[in-house]
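Novice: please work out how this folds:
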Amino acid sequence: MAEPSRVLSAPFSDELLLSREWLVTNGLGGYASGTLSGAATRRYHGLLIAALPGPLGRVMMLNHLSEALELPDGTRVELGAPIDARADRTLHLPWRDELVDFRLDDGLPVWRFRTGPFLVEKRVWMTHRANTTWVRYRLVEGDGRVRLTLHPAVHFRNHDAPVSTALELPYTFTATGRHWELRAPDAALPALKLRLDGDEPALTVEDRPLTRVLYRIEEHRGYAAEGQLLSPGYLGAELAPGRDATLVASTEPWSAVDALAPDDALAAEHQRRRSLVVAAGADDGDAFAAELTLAADQFIITPAGRVEERARARAAGDEVRTVIAGYHWFTEWGRDTMISLDGLTLCTGRAVEAGYILRTFAHYVRDGLIPNYFPDGQNEGLYHTADATLWFFHAIDRYVAATGDRQTLALLLPTLRSILAHHLAGTRFGIGVDPADGLLRQGAPGYQLTWMDAKVDDWVVTPRRGKAVEINALWYNALRNTERWLRESGDGDGAAALARHAERAAASFNARFWCAARGWLYDVVDGEHGDDDACRPNQIFAVALPNPILARARWDAVVEVVRAKLWTPAGLRSLAPDHPDYKPRYFGDLRTRDAAYHQGTVWSWLIGPFVDAWLRVHPGGSARHFLDGFARHEHEACVGSIAEIFDAEPPFHPRGCIAQAWGVAEVLRAWRKSGG
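Specialist: Numbers count the residues shown, from 1 in each chain. So this is what the prediction gives:
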């Protein structure tokens, strides 16, 4: 089996060390993440962000770890960036020349540092489905012993809270043998448990507040950028050849933390990851597919907060699964989950979990809609979406085609029929079929209901109220899928009724959406300001979906205009460059960024439907060349993953979330589909 590994080697620039990031997740929604340098540049950077039961949600428990070696001659060497608490706003990386390389080993981050004759390796991993992080240090080369010193720094807060959130003191530190606990004044928060395994472990309690800690990316994004941390003391252990020192940080009970020795914990996680690669059929030497398989694993979670739902599902012999849309700040989004389901689960040999996900979301259907998203730490979703529910039909279709699971289909079919009935009659947010032409319209003041959902205060950047092109492509696809399922179940009358709705929608679509003056499809018809002829990627779904609504005679034209105007090596632009609202860069404060979010910014996930459409009009052709840029991108933002978005012009700098579920899923799916 080919071991997936992404290696970055010296020499390293400060820019690279500060801009490249790593991510490890725990299958609950918790994570550890940071820059290669060790400097925390985002509010989300930390060694343990625990996924806790509601209403707590994800909580930053261990923010930073300053690491140093004391050599036999008394020399002190920093292994990573110190806390960035300088009033002069400069950050020095004096240890940069000591970093030999950084790599992913089965998707887990590994650093190697050389100082004189000593070569030290550092690894970070998390226990699957536990809020536990391990940091291991090993003396790989060098005779003699060196002293490792670790200075943890903390500020327990919601991971999405501003870094300027007040640090409430005092924190209480207690030690019982090798068990060290740190508690915040807020009794609702768990204790941070720390244990250092190694030779001659020692703890020195020495409270030291750290003020004016600077988070550089927060500053660039227009958010509060300075905050406080508390260093409660430091830990130390000896490093010698063949002897490791491992810090474990956890919010789990001590019985669970102590159940695994460090070597056993690491071996178990490597075995789990290698099993994922084998199950996906990615152990054939295709390193890119193997890396994306491991990246996909980061998004599939058992939600830690929804305890009641897990109890309900288990009582019925089922399990709860869902998808984190992106790291660091996204939670579970219905749209992203349904778009991602094929790539994250069906392409990776995890069809059983795909069934869990579909049945989980079916439980939350309200008034014919699945949730748009679940706010962090909450049990009920928000429903303001016009397309997530239609993507639900697509995900079920892909699942049944891959698994033949007619039992789940039969279980969901009454829910699907109810959803269609609500859409035909009209439901929340103005979502409903126009009886005049059979097309699906949507829109309500103050809401952004399609995937182009940027909103700043009361400003909806791309409202797209009316009849949107991809919404109607998805509506037609949902009608045709359900028509087939009803016919297969013996309900011919129900199938015939849906067929009539589908035929009417298709006729109206082809009469209304073709913009002859432009040679492409309108983005919205019957909108607030009439018909919108902006050239956007949404039109590709009229060709790409399994039941294409667009007449065959116009497929080639649509695919070619999307290729010529919107395709980039990082995905599709959200708006053509010749449009007056086009924005070439996604950068600046929140308002500036959201003004560009769907006005040119490239979206990685759109490469999937583009490849589908391309192969539909070029059967037997190759589409792999459209994906080559993603293999190069894997070391540009979050090493080993796919970013959410990119600038619309070269060099297509990655922006937004450093790791996005539908980006990873659709790139992996398209990679596998496009062949060699």
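Novice: please make it C-alpha for all contacts and neighbour counts, starting now.
Specialist: Fine.
Novice: contact partners for the closest residue to D458 other than its chain neighbours?
Specialist: Nearest non-adjacent residue to D458, counting by CA to CA, 6 or more residues apart in numbering: G446, 6.4 Å away. Residues counted as contacts of G446 (CA atoms under 8 Å, 6 or more residues apart in numbering) are 458-460.
Novice: now do the SS call for G446.
Specialist: Secondary structure, DSSP: H, G, I helix; E, B strand; the rest coil: G446 is coil.
Novice: give the other helices and strands that the longest strand along the chain contacts.
Specialist: Longest strand in the chain, counting residues (DSSP state E): strand 199-214. Judged by 3 or more CA pairs under 8 Å, 6 or more residues apart in numbering; DSSP states H and E, the packing partners of strand 199-214 are strand 226-239.
Novice: helix or strand right after the strand it packs on?
Specialist: Downstream of strand 226-239, the first helix or strand assigned by DSSP states H and E is strand 244-250.
Novice: now do the residue nearest to D458 against D457, distance only.
Specialist: Distance of G446 to D457, given as CA to CA, to the nearest Å: 9 Å.
Novice: then P55?
Specialist: 25 Å.
Novice: returning to that earlier point: how near is the residue nearest to D458 to D523?
Specialist: Taking CA to CA, one finds G446 at 20 Å from D523.
Novice: same question, P375
Specialist: 30 Å.
Novice: where does this structure dip in pLDDT?
Specialist: Filtered on pLDDT under 70, the chain yields the residue ranges 1-6, 84-92, 94, 676.
Novice: quick one, domains of it?
Specialist: According to automatic domain parsing, the chain comprises the domains 24-274, 276-555, 566-676.
Novice: tell me the secondary structure for the spatially closest residue to L266 that is not a sequence neighbour?
Specialist: Using CA to CA, 6+ apart and skipping residues adjacent in sequence, the residue nearest L266 is W125, 7.3 Å away. On the three-state scheme (three-state DSSP), W125 is labelled strand.
Novice: bridging residues for W125?
Specialist: W134 (DSSP bridges).
Novice: list the contacts of it.
Specialist: Here W125 is in contact with 24, 108-109, 133-135, 266, 269 (criterion: CA under 8 Å, 6+ apart).
Novice: out of these, which comes closest to P580?
Specialist: V24 (40.8 Å; CA to CA).
Novice: please report phi then psi for that closest one.
Specialist: Main-chain torsions, V24, degrees, to the nearest 10: phi -130, psi 140.
Novice: use 25 as the first number from now on
Specialist: Understood, numbering begins at 25; the last thing we discussed is V48.
Novice: my read: it touches R147, true?
Specialist: No: at 11.0 Å, V48 and R147 do not qualify as touching, with contact defined as CA atoms under 8 Å.
Novice: neighbour count: the two, which is higher?
Specialist: V48 (22 against 19; other CA atoms under 10 Å).
Novice: how near is the more buried one to A273?
Specialist: 14 Å.
Novice: and if you look at F537?
Specialist: From F537 to A273 the distance is 56 Å (CA to CA).
Novice: also H294?
Specialist: 19 Å.
Novice: just the strands in the stretch 375-524 of the chain please.
Specialist: 397-398, 456-457, 464-465, 479-480, 483-484, 491-492 (DSSP state E, counting those that start in this stretch).
Novice: helices or strands up against the first one?
Specialist: Identification of packing neighbours for strand 397-398 by 3+ CA pairs under 8 Å, 6+ apart yields strand 356-357.
Novice: what residue is smack in the middle of the chain?
Specialist: G350 (2.2 Å; CA atoms, centre = their mean).
Novice: find the nearest non-adjacent residue to that one, please.
Specialist: Nearest non-adjacent residue to G350, counting by CA to CA, 6+ apart: Q684, 4.2 Å away.
Novice: the one you found touches G664, doesn't it?
Specialist: No: with contact defined as CA under 8 Å, Q684 does not reach G664; the gap is 11.6 Å.
Novice: joint contacts of those two?
Specialist: When CA under 8 Å, 6+ apart defines a contact, no residue borders Q684 and G664 alike.
Novice: which residues does stretch 501-521 contact?
Specialist: In contact with stretch 501-521 (CA under 8 Å, 6+ apart) are residues 414, 417-418, 421, 440-441, 444, 522-523, 525-526, 569-573.
Novice: swap the cut-off to 6 Å and go again
Specialist: Under the criterion CA atoms under 6 Å, 6 or more residues apart in numbering, residues 417, 522, 526, 571 lie in contact with stretch 501-521.
Novice: the residue nearest to G350: what's it in contact with?
Specialist: 350, 667-668.
Novice: now T173
Specialist: T173 neighbours (CA under 6 Å, 6+ apart): 91-92, 259-260.
Novice: tell me which helix or strand it sits in.
Specialist: strand 170-177.
Novice: neighbouring strands of that strand in the sheet, and parallel or not?
Specialist: strand 88-94 (antiparallel), strand 250-263 (antiparallel).
Novice: and the next helix or strand after that strand, what does it pack onto?
Specialist: Using DSSP H and E, the helix or strand that follows strand 170-177 in sequence is strand 181-182. Other elements packing on strand 181-182 under the criterion 3 or more CA pairs under 6 Å, 6 or more residues apart in numbering; DSSP states H and E are strand 81-86.
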